[in-house]
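**Student:** sequence-free structure coming up:
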């Protein structure tokens, strides 16, 4: 029997945001690997082994799953959101590049999922309706100076900005600093969307302005979208406002 | 009966990439609106009206669907990929902002889908594994100078770049110009991924270098991902290479 490694995106929350392809992949697997809380979202199936691991163990998890698949099993690594966005697909590729040559012959399938920025955007309207970028605010894996340079470049050129990993216990100050930096490029009235646990039962979405964004609570389960100069807010009586970025830009100064 | 407008993402191709939420929304609708080829992907259901329209008629489609929902119907607008990414959700918001005040009271639900860049990335490995941006190359809706400025900013700051709407019959020269411009920032060996009709029966994925990217055919069904200086290619015997961008960046010069 020849093995297979699937890297499966669970989407942002419950199984309503799972694709059929991801659902079928989870059913077909002999063994599941993943960060504990993501694995907990997958229904237990008898005969299917489960290997939860910790948040910071992506490299070891990828290697363990590759070894298991190489033995001939159908193995799935589960990832919240999309596995290709700041997640396990890159860790698997890295493990293949640095691992035994034989791993390059393995059958690898990456099954996409709804990444957090798409889910949060859908709750607010269409903030990603025009050019945008996605940036991890964690300086565990890159220098803070590079994050600042990218925030400058993105805001200066008019991209809407989705911030992944905006804050953690070990990194309490970066987010406020990012908002201050973005405030040099953008008006204080620029809409900022905070989506926490979107797609799950404890989902919350808060819409603020850039000037007031520093006062809103955020944690590792929060995805933040900072608008551009073009991003607009539509007030709605009795409902939360719609935030959207028009598809058309008239002038180069935008 | 109170109406509802759903804007539903079909994902990139067949119903294997549809979420359950999108599937349920399509079943619940009294009427479907959308670009003809997207509507054709949705199975016909008796009693459900279908209103196909042309590619360039987003504004009129959004208004027609809003009027229909305001009459009390459950209406769905379908969108390929994700409705929030260069697609119908922004057109609906724009129609609400410029339309009758009463439309602001409507129940609007945007249901996310797998957008093309996630599907194409999944076929190649993990090219979007680090900071990236999404940019429409169409100058129908913004000045070409602004596109050039954004390409410069994104490549200069080390973002991987996903290019939507890379070429059309009316815009034959932009893509080659974009590759030339990106070549000022990036080595000729930078991996470039061309994904056409990914998720459909006629899917094709081509991996090239930036230096040779101008020779690869592309059309409006193509999504292109241009790597950063960090993006790596893993050769695999008997299989297409894996392309990925590592999660960690060591130095600021990247």
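**Tutor:** Nice, thanks for sending it over. Note that the coordinates shown come from a computational prediction; the quantities given were computed from them, not determined experimentally. Numbers count the residues shown, from 1 in each chain, chains lettered A, B, ... in the order given.
**Student:** any low-confidence regions in the stretch 1-150 of chain A?
**Tutor:** Flagging of the stretch 1-150 of chain A using pLDDT under 70 yields the residue ranges A:1.
**Student:** And the strands in it?
**Tutor:** A:4-9, A:31-35, A:49-53, A:74-79, A:107-111, A:125-126, A:132-136 (DSSP state E, counting those that start in this stretch).
**Student:** Name the stretch among the ones you listed that sits most buried.
**Tutor:** Among those, ranked by average contacts under mean count of other C-beta atoms under 10 Å in any protein chain shown, first place goes to strand A:125-126 (a mean of 32). For glycine as for every other residue, the C-beta is placed from the backbone atoms N, C-alpha and C.
**Student:** For that strand, which outside residues touch it?
**Tutor:** For strand A:125-126, the surrounding residues in contact (C-beta atoms under 8 Å, 6 or more residues apart in numbering or on different chains) are A:234, A:241-245, B:83-84, B:89-90, B:92-93, B:110.
**Student:** how far away is residue A:135 from residue B:242?
**Tutor:** 24 Å (C-beta to C-beta, to the nearest Å).
**Student:** Actually, residue A:26.
**Tutor:** 23 Å.
**Student:** Residue B:6: which of the strands of the stretch 1-150 of chain A is closest?
**Tutor:** strand A:125-126 (13.8 Å; C-beta to C-beta).
**Student:** Tell me how far residue A:25 lies from residue A:110.
**Tutor:** In terms of C-beta to C-beta, residue A:25 sits 10 Å off from residue A:110.
**Student:** what's the answer for residue A:95, then?
**Tutor:** Taking C-beta to C-beta, one finds residue A:95 at 14 Å from residue A:110.
**Student:** Only the buried residues of stretch A:60-78, if you could.
**Tutor:** The neighbour-count check on stretch A:60-78 (16 or more other C-beta atoms under 10 Å in any protein chain shown) flags A:61-70, A:73-78 as buried.
**Student:** Please apply the same query to stretch A:140-156.
**Tutor:** Buried residues in stretch A:140-156 (16+ other C-beta under 10 Å): A:142, A:144, A:146-156.
**Student:** Can you pull the domain assignment for chain A?
**Tutor:** Per the record, chain A has its domains at A:4-114, A:117-244, by automatic domain parsing.
**Student:** With distance to residue B:218 added, can I get those domains in a markdown table?
**Tutor:** Listed next are the domains of chain A as a markdown table, based on distance: least, C-beta to C-beta, whole Å:
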| stretch | distance to residue B:218 |
| --- | --- |
| domain A:4-114 | 21 |
| domain A:117-244 | 19 |
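**Student:** which residues touch the closest residue to residue A:183 other than its chain neighbours?
**Tutor:** Excluding its sequence neighbours, the residue lying closest to residue A:183 (C-beta to C-beta, 6 or more residues apart in numbering or on different chains) is residue A:210, at 5.9 Å. Residue A:210 makes contacts with A:179, A:182-183, A:186-192, A:226-227, as judged by C-beta under 8 Å, 6+ apart.
**Student:** Recalculate using a threshold of 10 Å.
**Tutor:** Residues near residue A:210 by C-beta atoms under 10 Å, 6 or more residues apart in numbering or on different chains: A:155, A:179-180, A:182-183, A:185-192, A:226-227.
**Student:** Could you do residue A:111 as well?
**Tutor:** A:6-10, A:18-19, A:21-26, A:76, A:78-79, A:82-84, A:89, B:16-17, B:114, B:119, B:122.
**Student:** Same check on residue A:10?
**Tutor:** By C-beta under 10 Å, 6+ apart, the contact list for residue A:10 reads A:17-19, A:22-23, A:26, A:34, A:38-39, A:41-42, A:78-83, A:111, A:113-114, A:199.
**Student:** how does it look with 7 Å?
**Tutor:** By C-beta atoms under 7 Å, 6 or more residues apart in numbering or on different chains, residue A:10 lies in contact with A:18, A:22, A:38, A:41, A:78-80, A:113.
**Student:** Name the member of these with the most neighbours.
**Tutor:** residue A:113 (33 neighbours; other C-beta atoms under 10 Å in any protein chain shown).
**Student:** I'd assumed residue A:9 was in contact with it.
**Tutor:** Yes. The pair residue A:113 / residue A:9 is scored as a contact, 2.1 Å apart, by C-beta atoms under 7 Å.
**Student:** joint contacts of these two?
**Tutor:** Jointly contacting residue A:113 and residue A:9 under the rule C-beta under 7 Å, 6+ apart are A:22, A:81-83.
**Student:** And the furthest pair within the residues you listed?
**Tutor:** Maximum distance among the shared contacts of residue A:113 and residue A:9 (C-beta to C-beta): 11.4 Å, for A:22 and A:81.
**Student:** Name the residues contacting each of those two.
**Tutor:** By C-beta under 7 Å, 6+ apart, the residues touching both residue A:22 and residue A:81 are A:9, A:113.
**Student:** near chain B too, which of the contacts of residue A:10?
**Tutor:** residue A:18 (C-beta under 7 Å from any C-beta of the partner chain).
**Student:** which one of the contacts of residue A:10 sits closest to chain B?
**Tutor:** residue A:18 (6.3 Å; C-beta to the nearest C-beta).
**Student:** residue contacts, the closest one?
**Tutor:** Contacts of residue A:18 (C-beta under 7 Å, 6+ apart): A:10-11, B:19-20.
**Student:** Select from those every entry located in helices.
**Tutor:** Residues of the contacts of residue A:18 located in helices (DSSP state H): residue B:20.
**Student:** Farthest pair within the contacts of residue A:18?
**Tutor:** A:10 and B:20 (12.3 Å).
**Student:** which of the buried residues of stretch A:60-78 lies closest to chain B?
**Tutor:** Using C-beta to the nearest C-beta, the buried residues of stretch A:60-78 come closest to chain B at residue A:62, 11.0 Å.
**Student:** Just give me the neighbour total for the closest residue to the closest one other than its chain neighbours.
**Tutor:** Spatially, and ignoring its direct neighbours in sequence, residue A:62 is nearest to residue A:95 (4.0 Å; C-beta to C-beta, 6+ apart). For residue A:95, the neighbour count with other C-beta under 10 Å is 22.
**Student:** ok, for residue A:60, nearest residue in space, not its chain neighbours?
**Tutor:** Counting by C-beta to C-beta, 6+ apart, the residue nearest residue A:60 is residue A:53, at 7.0 Å.
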